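Trainee: my questions concern the predicted model and sequence given below.
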Amino acid sequence: AGVVGLLALGGVGYWLARRTHRTFNVPLTAGALIVLVAFVVGLVVVAGLSSDLGRVRDNQFAGTLALTTARSAAYDARSNESLGLIAQGQAQPYEQAWKARDKQVADAIVSLRGKVWYGGGGQSAAGVSTLWGAYESAHTKVRGLDDSGDWAGAVALATGIEAQGPRATFGSFDDAVAKAVDGFQRATAVDTTSPRGRAVVTSLILLLAGLVSALLVMRGIRARVEEYR
């Protein structure tokens, strides 16, 4: 729009100069300068908005996506752990599924490294990884008991409230991820609202600049027409 406006004003100025034999038109030139300044300001603001939203996409939104992916895969892993115990001796397919989900969780946590953390509660990507590692260790103990024939002991460990058991360690991981997701979502909402406000203000300023430019152009044309008459 800025380029078209400048070209149009340039064409009008050229036609008016040829028509009225006057080279310089102060109001028309001022109107063109206003459009040029508005055009440059608009480009700068849009570039800034794009940069800000790019950071939100690469950090807050990407963090939210990674955390929700990790949480979903973690719940699936926990379910496969339970299904493996229910199978009583036929846990291999469920253990394979658990390992696949375990890798998904680990990969999602790795993707969080280097991102600004909004999780709150004193946690971080490294902290979440440690909590998941504690659950992995607890799961390994459950599978060890079950595979060695102590199915009752495996069930007791998996469903018990021991601090190092799967139930407690998984709960700690889930709580930390839930808080982190909430923090990232809040940051996403805040950091996408600010650019929107700037975009609205900039649009109003550019609209005003366009109206002022139009009035100046009209004044310049009117002055030349009156001189010509």
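Mentor: All right, it came through fine. Residues are numbered from 1 along each chain as shown.
Trainee: of all the residues in the helix or strand hosting G31, which ones are buried?
Mentor: According to DSSP states H and E, G31 maps onto helix 26-56. Residues of helix 26-56 classed as buried: 27-28, 30-32, 34-35, 38-39, 42, 45, 49, 56 (neighbour count, 16 or more other Cβ atoms under 10 Å). For every residue, glycine as well, the C-beta is placed using N, CA and C.
Trainee: for these, which one is nearest V155?
Mentor: Minimum distance to V155 across the buried residues of helix 26-56 is 45.4 Å, recorded for V56 (Cβ to Cβ).
Trainee: elements contacting the helix or strand of the chain with the lowest mean pLDDT?
Mentor: Counting by mean pLDDT, DSSP states H and E, the chain has its least confident helix or strand at helix 2-20, which shows a mean of 78. Applying 3 or more Cβ pairs under 8 Å, 6 or more residues apart in numbering; DSSP states H and E, one finds that helix 2-20 contacts helix 26-56, helix 166-228.
Trainee: so who does A1 touch?
Mentor: For A1, no residue meets the contact criterion (Cβ atoms under 8 Å, 6 or more residues apart in numbering).
Trainee: how close does it sit to V35?
Mentor: 9 Å (Cβ to Cβ, to the nearest Å).
Trainee: find the nearest non-adjacent residue to T188, please.
Mentor: Leaving aside its chain neighbours, T188 sits nearest to Q60 (4.2 Å; criterion: Cβ to Cβ, 6 or more residues apart in numbering).
Trainee: how many other residues sit next to the one you found?
Mentor: Neighbour count of Q60, defined by other Cβ atoms under 10 Å: 23.
Trainee: got it, and the one 5 residues further on?
Mentor: Residues within reach of L65, counting by other Cβ under 10 Å, total 15.
Trainee: equivalent analysis for D182, please.
Mentor: Applying other Cβ under 10 Å, we find 16 other residues in the vicinity of D182.
Trainee: okay, the angle between the least confident helix or strand of the chain and helix 166-228?
Mentor: 0 degrees (axes from the mean of the first three to the mean of the last three Cα atoms, to 10 degrees).
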